[in-house]
Each structure stands twice: as structure tokens, then as C-alpha cells.
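Asker: Sequence first, then the predicted structure:
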Amino acid sequence: MTLFPGMFHEAWIAMGANRLRTTLTMLGMIIGVASVVLMVSVVQGAQSTVQESINSLGNNTLVILSGSAMMTGGVRTDTGSAPTLTMADAEAIGELSGIAAYAPIHMGMAQLVYGSLNWNGRIFGATPGYLDVRFWPLVAGENFTESDLRSATRVALIGQTTAENLFAGEDPVGKTLRIGQAPFQILGVLDRKGQSFDGNDQDDVLIVPLTTAQRQIFGTPFQGSVRAILVRIERAELMPQIQTAIVDLLRQRHRLREGQENDFSLRDLAAIAQFATETTRTLSMLLGAIASVSLIVGGIGIMNIMLVSVTERTREIGIRLAIGARKIDVLTQFLMEAILISIAGCVIGLTLGIGGSILLHLSVEIPIVISGSSVIVAFFVAAATGIFFGFYPARKAARLDPIEALRYQ
Amino acid sequence: MLGGDGKIIARDTPVIAIRNLYKDYPTPAGAFPALKGISLTVYPGEFVAVMGPSGSGKSTFMNILGCLDHPTYGDYELNGKLVSSLDEEATARLRRRTLGFVFQGFNLLPRMTLEDNVALPLVYSGVPRERRLAKARRLLEKVGLARYAKSLPSRISGGQQQRVAIARALINRPKLILADEPTGNLDSRTSEKIMALFTKLNRRKGITIVLVTHETDIALHARRQVRFLDGVIVQDAPTRKEEGTQP
Ligand SMILES: Nc1ncnc2c1ncn2[C@@H]1O[C@H](COP(=O)(O)OP(=O)(O)OP(=O)(O)O)[C@@H](O)[C@H]1O
Ligand SMILES: [Mg+2]
């Protein structure tokens, strides 16, 4: 017979009797668990962002950006010099074998106006095939057509963020908004896409026919030039050879001599995504290791204080043994104390960790994911730590000789 | 066999039956014999005072009686059971059910209320808290300390603490109370009160008591006196009334 409820109560009283010490003992566990929860939620947040953008991109997608890698300097493709890619380049790439779909795009920012509302949003000039390349469905209305593209009509597809900011709950389909003075009719509403790798909100977008963007919005100096070409290939294995083929084709078309730098750059988004995934995985393992070290440190703290406590309470243990406690009862009591301290520390740590994650999310807008499984794991790890590090002191208490213990001052 | 009050009570099983008991303590200088062939039989209802000079082995003997220590040699039967044949579980149960301890230093747990202190042995019998505390309060009432039930031990005097300790020893209705110098830390007036309580428990409830004391006055409350010297019993006799009149 183990006297579980009785020993639980004894342990509870002992914890309450020395609150300051109990709190200090918990501190290691609190910090350990809080940091585990915080790290896990941030890392999982990062992971889910990466996963989302992989999904939002579609696999096997390649982006060709206008301008050299130096000039584009990372992702800021929507500003800068005149574009070097053309519609004709896009069509030529489309002729290559292994290309499933392609979509030339021209992008920039513009002031959008609907009624009294203003929104400085991102504009994409694209072909009707763009949505297909991006696996981007419409939730309402319909896509524009090839004939819209040919005649550069003023029609548009609207992203969720842009729609929220301009239409505030109204159904945008069929409505007319203005870019500068020019009216544009909304044909369709895009599905929500979420964040991209670089943290851009992909739903902050208005998609118009490419020709409309070139002639009426941005006024491109070279007729038919585009800032980027999105390419989807048929199979992932083809990626290296298609990249080479595209580079060769474009160098030839742009009449670049041997040794001259490319006036365009290629990005294999799938590879970037993969890299990002691997990076976050490594990061999460590293952080996990650091966090578990802090849990172990917390556990050692508990063991340390429990040992002190056993020594201090030697006489108490002697009394308990004399009046009829068995060794197992003393063991249970001290073990229970260690477990209670760990679990209480764990609960406080969880609260702080989750609170901290939410605070971080609200203040710096870091994406976070609080998973129930990590909470449960943290709880059981804490209990296990309590048992593991509480066992030695508890056994020490149980093994005391009652006579020696009673004589202890 | 003569009982403490001179009646023949040989029919009863002795509470304590000890035959030829030895206890050696290991010391750096070799084994130190603290008890050298003790034999003693105590029948139910007796009140025995154990006396003797310091270092004569009284506490060593009491520890063995209380199943807190094992003899090096010799048999000890407690309430008809051979203690050396029992396992840890059974000796713990004996200490809990058959024995009650009263110590010189009271040995209450300082951070527990008096009612929790008194109820403590019941924790190990698995009695639910409400019943434990109800019983503890009844006992505190009997020793006249009911109003301190929720106080901590540090709030009451030594004599009161010892009464609480006696209440604790009584909570499992023991057959035998073992008290090692229970009045050693108390003044003579308080000691008298404590001894009156022991006497009452012995007379009214028939609880067997073995009590160590240095003081002759205290020993007079017992009905039988056993004197230790250098680990052997040198005298074992009923208390004679005229001793009480001596100065
Ligand atoms: N753990 C031990 N190790 C070695 N020797 C011990 C131990 N405990 C007691 N002794 C010795 O055994 C002898 C008997 O000790 P015990 O405590 O039984 O005496 P006592 O009669 O209770 O004395 P007092 O009246 O001072 O309490 C003493 O000489 C003591 O030094
Ligand atoms: Mg002694």
C-alpha cells in the first residue's frame, strides 16, 4: 500500500512551509520550461512560415529576374533600373522543353483609391497564366483573358489584404477602383496566400494584365519589357539542365559576349525553400539542445535544494520513522515534493513561455506556433526531471537511521 | 510472575519479553558493549521506571524496545511477536499500532499545527485527513490543549508540548508507551503534571508504560523500578511506598 494522498498532502505542507525557498528552487525549472516553450514556438513559427511559402510558391518554380544579381541586390526587384527582360524572352523560354508553364510579370507600387479609402499597394502586371503558375485560385469572380491582355483593358484581380483595406467587407467583384485617374474594374478576388520567405504579405496585391501595367500604370520606357519571368518546370530533376538552357538562351538573345555579366538572374525557389527548411530544422535542434540543458540545470537545482532540505529535516525524518512511517513513505514524500516543485515550476514556466511567445508575436510580429504537443511534452519532461533528480535525495532521506536522525540537532 | 501491583498475571502474554540481550556498538577502538545480557519481562498494565547512571545503556535499551534498533544478540518478543523475524513493513506497523513514543525533546514537527502533529501517525495508517484531525482534536481535548489545535508548537510551553507529544503517542491506541526521559527538559512542577497524565493512562486505560528517568521522584510514579548499571540490570523491584516519603 502506498499512501499517495497522505504523502501528497505532507509534501504540499512542506512546500508551503518554506515558500521563498520553494520558489527559488522552482526558478531553474521555470526558466528552463519557459525557454523551451518560447524557442519551440518561435522555431515552429518560422518553420510553418517556410512551409507556407513553399506551399504558396508551388514546387519546381524558377524565377528569372531582370537585371544582374548585383543590381537587383536581393529581393528588391520592384524598384531600380529599366527592365532587361522582354515578353519575347518569356515566349522564347516557353518554347524550351520541360517547361510546364511560364508567366512574365511586371511589378511596382501604386496608390489605389476606392471611394474615400486609399491604399498604397503592390501591383502585378501578369498574363492570365500567372495564377496557374502560382497555383493561386480565385475565391470569387473570374480571371482576365488573353483578349484583355491584347487590348490592355483596365481590369484587375484583387488580393485579400488589398481588398480588406479598400473594400472593408464589401464584395469587390464588379466594383471599380482608381489607380491615379484611371478606373479599373475588379474581375475576381484571389485566395489568401500568406507571407512569402522575405516576409512580404503576398495578399497585398492587385493583378492587372501585363500590357495594362506596362502602358498605363508604370509607363515602361521599353515597350514589352518585363521585370520578372516565373517558370514552372515539369519535373524537379529537370531543374539544373533547364537553368542552364535558360541562361544560354537569354545570353544569346541579349547578345552577351563571353566574360560579360548576365543582365538577369535566376532563382530556384524550391532550392531556397529547401535550404530554409533545413536551416530552421538545424536551428530548432540547436535551440532544443540548449533548452534541454537549461531543463537539466533546473533539475540539478531541485536536487541540490532537496539534498539540503533532507539534511535540514533529518530530525523530522527520524520522528516520522519512529512514529511508524516506512522507508517507502519517506521516499514517496520527498519524491512527491520534488515532482510537485518541478510540475509547479513547469506550469509557471509554460505560462511565462506562452505569454512571452504571444508578447513577442504582438510586439515584433514574429510568427509563432504554440503546439499542444510541446506543452504536453514539457509537462512530462518536468515531471520526469523531478522524479530523476528527486530520487537521490529522497532515497537518502529514506535510508536515514531513525536513531541517528532523532539525535540530529 | 509478579506484576507491578503484586497480582499474579502470568496468564497474559507479556508485552515485552526479553531474554539475554546484548548490544555492541562498533567503535574505532573495537566493539563497545552497551548492553550485556539483559533479561526483562513486562506484563500488560505495568508501569516500569528504568533508572541508572548516564551511559548505563538505558537509551540503547529503549531504542531496541521501540524497534528502532536491533540487538546484537538475544531475543525480543513484543506483544508475542519475535521482532527479529519481522520485515520493515511489519516493524513499521508495530511502531504505529502497538507502540507510542514520548521523547525528552518532545519532537513535534515545528512547521505543523498541533492537530496535524497529533494526527501524524494516522497519515501512515492511511486514515483520511478529516477523520485524522477529528481524532487528533479529541485527544488534544483530553490533554487539555484543545484551544491550541491550530497553533504551531513554538507557541506553547515545554510542558504543553510534551502533553501534545503524549496525545500523538496515544492516537493509535497503543499497548505500550515508551518514554525516554520525558520530563528531562521540564521543571519539577510541570514534570508532576506529565507524570500524573502517565499515571492516569496506566491506571484508567491499562496502557503499559516503560519510562526512563534520572529522578527518584519521577520514578515513584511507576509501580516497578529497573536499575541499569554498565549494560546490565542490577535491580528490578516494585516501588515501595516509603521511598516516596524520603526527602
Ligand atoms: N551509536 C553509538 N555508537 C557508539 N557508542 C554508543 C552509541 N550510542 C551509545 N553509545 C554508548 O553506549 C553507552 C550507552 O549509551 P546510552 O545512550 O544507552 O546511555 P544512557 O543510559 O541512555 O545515558 P543517559 O542517561 O546519558 O541518556 C554509552 O557509553 C554510549 O557512549
Ligand atoms: Mg539516554
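Answerer: Ah, there it is. Ligands and ions are numbered 1, 2, ... in the order given.
Asker: Only C-alpha atoms from now on, for both contacts and neighbour counts.
Answerer: OK.
Asker: For chain B, what lies in contact range of ligand 1?
Answerer: When proximity is defined by CA under 6 Å from any ligand atom, chain B lies next to ligand 1 at B:25, B:27, B:34, B:53-60.
Asker: Tell me the buried residues within those residues.
Answerer: B:34, B:56-60 (16 or more other CA atoms under 10 Å in any protein chain shown).
Asker: Now, these that are in strands?
Answerer: The strands, defined by DSSP state E, take in residue B:34 from these.
Asker: Out of the buried ones among the residues of chain B next to ligand 1, which sit inside helices?
Answerer: Judged by DSSP state H, those include B:58-60 as members of helices.
Asker: With distance to residue A:209 and pLDDT as extra columns, can I get the buried ones among the residues of chain B next to ligand 1 in CSV?
Answerer: Putting those into CSV (distance: CA to CA, whole Å; pLDDT from 0 to 100) gives the following:
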residue, distance to residue A:209, pLDDT
B:34, 107, 95
B:56, 110, 96
B:57, 107, 95
B:58, 107, 96
B:59, 103, 95
B:60, 103, 95
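Asker: In CSV: the buried ones among the residues of chain B next to ligand 1, plus distance to residue B:190.
Answerer: Compiled in CSV, those are given as follows (distance: CA to CA, whole Å):
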residue, distance to residue B:190
B:34, 32
B:56, 26
B:57, 26
B:58, 23
B:59, 23
B:60, 26
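Asker: out of the buried ones among the residues of chain B next to ligand 1, who's nearest residue A:251?
Answerer: Residue A:251 lies nearest to residue B:60 out of these, by CA to CA, at 102.6 Å.
Asker: Closest to residue A:20 out of the buried ones among the residues of chain B next to ligand 1?
Answerer: Comparing those against residue A:20 with CA to CA places residue B:59 closest, at 38.5 Å.
Asker: how far away is the closest one from residue A:303?
Answerer: Distance, residue B:59 to residue A:303, using CA to CA, to the nearest Å: 35 Å.
Asker: What residue in chain B comes nearest to chain A?
Answerer: Using CA to the nearest CA, residue B:96 is the residue of chain B that sits closest to chain A, at 4.3 Å.
Asker: can you give me the helices in chain B?
Answerer: B:58-65, B:88-97, B:114-123, B:129-142, B:158-170, B:188-205, B:216-219, B:241-245.
Asker: Please work out which of those is packed deepest.
Answerer: When the helices of chain B are scored by mean count of other CA atoms under 10 Å in any protein chain shown, the highest mean neighbour count falls to helix B:114-123 (a mean of 27).
Asker: Helix B:158-170 and that helix, what's the angle between them?
Answerer: Between helix B:114-123 and helix B:158-170, the angle comes out at 30 degrees (axes from the mean of the first three to the mean of the last three CA atoms, to 10 degrees).
Asker: where does the residue of chain B most remote from its centre sit relative to residue B:232, distance-wise?
Answerer: What lies farthest from the middle of chain B is residue B:29; by CA atoms, centre = their mean that is 31.9 Å. From residue B:29 across to residue B:232, the span is 21 Å (CA to CA).
Asker: what's the answer for residue B:138, then?
Answerer: On the measure of CA to CA, residue B:138 and residue B:232 end up 41 Å apart.
Asker: So which residues on chain B come close to chain A?
Answerer: Applying CA under 8 Å from any CA of the partner chain, one finds that chain B approaches chain A through B:63, B:66, B:68-69, B:88-89, B:92-96, B:100-101, B:107-109, B:111, B:121, B:123-124, B:126, B:128-129, B:169.
Asker: on that earlier part again, using a markdown table, lay out the ones in helices among the buried ones among the residues of chain B next to ligand 1 together with distance to residue A:244.
Answerer: Supplementary listing: those in a markdown table, determined by distance: CA to CA, whole Å:
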| residue | distance to residue A:244 |
| --- | --- |
| B:58 | 100 |
| B:59 | 96 |
| B:60 | 95 |
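Asker: Can you tell me which of these comes closest to residue A:92?
Answerer: Distance ranking of these against residue A:92, using CA to CA, places residue B:60 first at 104.8 Å.
Asker: wait, what's in contact with that closest one?
Answerer: B:23, B:34-35 (CA atoms under 8 Å, 6 or more residues apart in numbering or on different chains).
Asker: which one of those is nearest ligand 1?
Answerer: Checking the contacts of residue B:60 against ligand 1 with CA to the nearest ligand atom, the nearest one is residue B:34 at 4.5 Å.
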